[in-house]
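>>> One predicted model, sequence on top.
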Amino acid sequence: MLTETLVEDARWTSVDLPGLAETAAQATLAHLGLDPADWEIAVLGCDDARIAALNADFRDRPQPTNVLSWPAEDRGPRDPGAAPDAPWPGDDPELGDIAIAYDTCAREAGAAGRPLAAHATHLVVHAVLHLLGYDHIRDADAALMQALEVRILCKLGIDDPY
């Protein structure tokens with residue numbers, strides 16, 4: 001299994017976070033030509049209080065957010081809009097960790113009129129791309145990342161969230 005999911009907030013069971021995270025992560029890696037069997041990702045399904053504490057500890061932002069990711073290795077490209085270096089089989093299999101907050105995700109999904117499962121899937125795809133070195137700080141990088149997200153979600157039968 002690619003993902004190991006710890007569900008701290010039982011409300012995540014309503015969308016089967018472990019299954020959702022596995023499907024989203026596998027689709028993301030497969031889309032990028034990576035064999036999901038070669039890699040590992042830890043996922044934490046938590047609430048706003050827990051993610052706010054994590055956000056404060058790691059980003060000095062003591063407020064909740066929808067998803068956080070901690071890449072095991074910095075793979076970000078130097079040139080804007082370039083794809084990051086892909087991990088190689090035989091590298092450390094741990095790609096990194098993801099935390100996703102139920103309260104914020106549910107609130108965002110409701111505000112957008114989207115099913116919670118679709119929004120959470122999008123956020124897991126987004127976070128896995130972060131683990132692989134994709135980012136959205138520079139405009140060209142954001143365009144690349146967003147296009148990948150849309151294509152991956154389309155393969156999963158989820159409409160363009162943008």
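Noted; the coordinates are in hand. Model, not experiment: these values are computed from the prediction. Numbering: from 1, shown residues only.

>>> going forward, measure contacts and count neighbours with C-alpha atoms only.
OK.

>>> residues in contact with the most centrally placed residue in the chain?
Nearest to the geometric centre of the chain sits Ala127, at 2.1 Å (CA atoms, centre = their mean). With contact set as CA atoms under 8 Å, 6 or more residues apart in numbering, Ala127 has these partners: 67-69, 98.

>>> check which helix or strand covers it.
Following DSSP states H and E, one finds Ala127 within helix 116-131.

>>> Can you report phi and psi for Cys46?
phi -130, psi -170 (degrees, to the nearest 10).

>>> surely it meets Thr5?
No - in this structure Cys46 lies outside contact range of Thr5 using CA atoms under 8 Å: 10.6 Å.

>>> so how far is Leu34 from Pro93?
Distance from Pro93 to Leu34, counting by CA to CA, to the nearest Å: 12 Å.

>>> hey, where'd the strands end up in this structure?
3-7, 40-46, 67-71, 94-101 (DSSP state E).

>>> for the last one, which positions count as buried?
Residues of strand 94-101 classed as buried: 94-101 (neighbour count, 16 or more other CA atoms under 10 Å).
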